[in-house]
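Undergrad: 3D model of this:
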Amino acid sequence: MQQAIAKAQTLIEALSYIQRFADKIIVIKMGGSVMDDEQALTDILADVVFMNAVGMRPVIVHGGGKAINNAMEQRGLEVQFVQGRRYTDQRTLTVVEHVLCNEINRHLVQTIEALGSAAMGLHTLSSGVLLGERLFLTESDGRKIDLGFVGRVTQANAKLTRLLCEANTIPVIAPLARDKTGGRLNCNADTAAGEVAAALKAEKLVVVSDTHGIRRDPKDPESLAGQLSQSEIQDMIASGAISSGMLPKVEACLRALDAGVNRAHIIDGRFGHSLLLEIFSDRGVGTLIQK
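TA: Predicted coordinates for the structure are as follows:
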């Protein structure tokens, strides 16, 4: 009986969140080792299907870096990174597109459909929604670094994405963009998710990865910050407390907040149903960033 009462209390706690977020768009960025753990991946997608079933409008943006590395190694291609960005020549781009579109995106769509919701993959081999331009990095002496077919997202097709949401279909977006000439560009998935959330004026951006959230001291596991403001984030970036792999995630959150998104979250997808716990409970499981 006590277990049944506890379940009822949990449902009542979730009710206010279900009502508050009805018909609101929630952008979920999926990446990290979560993408390689089939059980963790299924748990997160079950959470997404639940959100859709109770009237929310989830939109997924996914990465796939480890799978791309494995595919390149199997083909005898060298994996090169420049300042944290994957150098992408034509052969690398072909592998990236195949892995992201034909393997990962298709698998996500099929899993969502098996769990009971409609879904549609949006990428450069179907109806793409991301436009971009070539990205160049800068050396300390001011010289530009050419990364090949690497881009940054400049625009996301909010109209098409919203139409799918209104049709009760979950958009699943791969981080590949088209430039003005129709060429394909490999984009950072965190950055792409921030641009998608900004274009949609989403209620929330949730970055699901294999990190617990943001630590005030990167070396201290006990320093996890449950909530941070934009100004606190900027201070932590300036001090170096936020750097490397966490930096693009945080920058995506800040981009979304600047565009009118109300809240951004960074959570660990390795814990079962962490997305539901973050969205539907009074105590979240990651770091909340808000203005």
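Undergrad: those helices in the stretch 1-150 of the chain, which residues are they?
TA: Listed in chain order, the helices found in the stretch 1-150 of the chain under DSSP state H, counting those that start in this stretch are 2-20, 38-53, 65-74, 90-97, 106-114.
Undergrad: Make CSV from those helices and add mean neighbour count, distance to residue 126 and mean pLDDT to it.
TA: Quick note: C-beta positions are derived from backbone N, CA and C, even for glycine. Below are the helices of the stretch 1-150 of the chain laid out as CSV (neighbours: other C-beta atoms under 10 Å; distance: least, C-beta to C-beta, whole Å; pLDDT from 0 to 100):
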stretch, mean neighbour count, distance to residue 126, mean pLDDT
helix 2-20, 11, 31, 76
helix 38-53, 20, 19, 94
helix 65-74, 16, 19, 91
helix 90-97, 18, 11, 95
helix 106-114, 18, 10, 98
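Undergrad: So which of those is nearest residue 269?
TA: Distance to residue 269, taken as C-beta to C-beta, is lowest for helix 38-53 among those, at 5.2 Å.
Undergrad: same for the closest one, what does it pack against?
TA: Using 3 or more C-beta pairs under 8 Å, 6 or more residues apart in numbering; DSSP states H and E, the elements in contact with helix 38-53 are strand 25-30, strand 57-62, helix 106-114, strand 169-173, helix 274-280.
Undergrad: Can you add distance to residue 19 and give those back as a markdown table?
TA: Output for these, formatted as a markdown table (distance: least, C-beta to C-beta, whole Å):
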| stretch | distance to residue 19 |
| --- | --- |
| strand 25-30 | 15 |
| strand 57-62 | 15 |
| helix 106-114 | 24 |
| strand 169-173 | 21 |
| helix 274-280 | 11 |
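Undergrad: export the helices of the stretch 1-150 of the chain to JSON lines and tack on distance to residue 209?
TA: Shown next, in JSON lines, are the helices of the stretch 1-150 of the chain (distance: least, C-beta to C-beta, whole Å):
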{"stretch": "helix 2-20", "distance to residue 209": "22"}
{"stretch": "helix 38-53", "distance to residue 209": "11"}
{"stretch": "helix 65-74", "distance to residue 209": "11"}
{"stretch": "helix 90-97", "distance to residue 209": "19"}
{"stretch": "helix 106-114", "distance to residue 209": "16"}
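Undergrad: wait, which of those is closest to residue 132?
TA: Short answer: helix 90-97, nearest of the helices of the stretch 1-150 of the chain by C-beta to C-beta, at 13.0 Å.
Undergrad: Give me the distance from that closest one to the chain's centre.
TA: Centroid separation for helix 90-97 versus its chain: 21 Å, with C-alpha atoms, centre = their mean, to the nearest Å.
Undergrad: Run through who's touching that helix.
TA: The contact list for helix 90-97 (C-beta atoms under 8 Å, 6 or more residues apart in numbering) reads 68, 71-72, 75, 77, 86, 88, 123-125, 148-149, 176, 184, 186.
Undergrad: Could you check the angle that helix makes with helix 65-74?
TA: If you take axes from the mean of the first three to the mean of the last three C-alpha atoms, to 10 degrees, helix 90-97 sits at 130 degrees to helix 65-74.
Undergrad: Could I have the CA atoms of helix 90-97 written out in CSV?
TA: Output of helix 90-97 as CSV, limited to C-alpha atoms (Å, rounded to 0.1, in the frame of the first residue of the first chain):
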residue,chain,number,x,y,z
GLN,A,90,35.3,14.9,-48.3
ARG,A,91,35.9,11.3,-47.3
THR,A,92,35.4,12.1,-43.6
LEU,A,93,32.2,14.0,-44.5
THR,A,94,30.8,11.0,-46.4
VAL,A,95,31.4,8.8,-43.3
VAL,A,96,29.9,11.5,-40.9
GLU,A,97,26.8,11.8,-43.0
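Undergrad: on that earlier part again, so which of the helices of the stretch 1-150 of the chain comes closest to residue 237?
TA: Closest to residue 237 of the helices of the stretch 1-150 of the chain is helix 65-74 (C-beta to C-beta; 22.2 Å).
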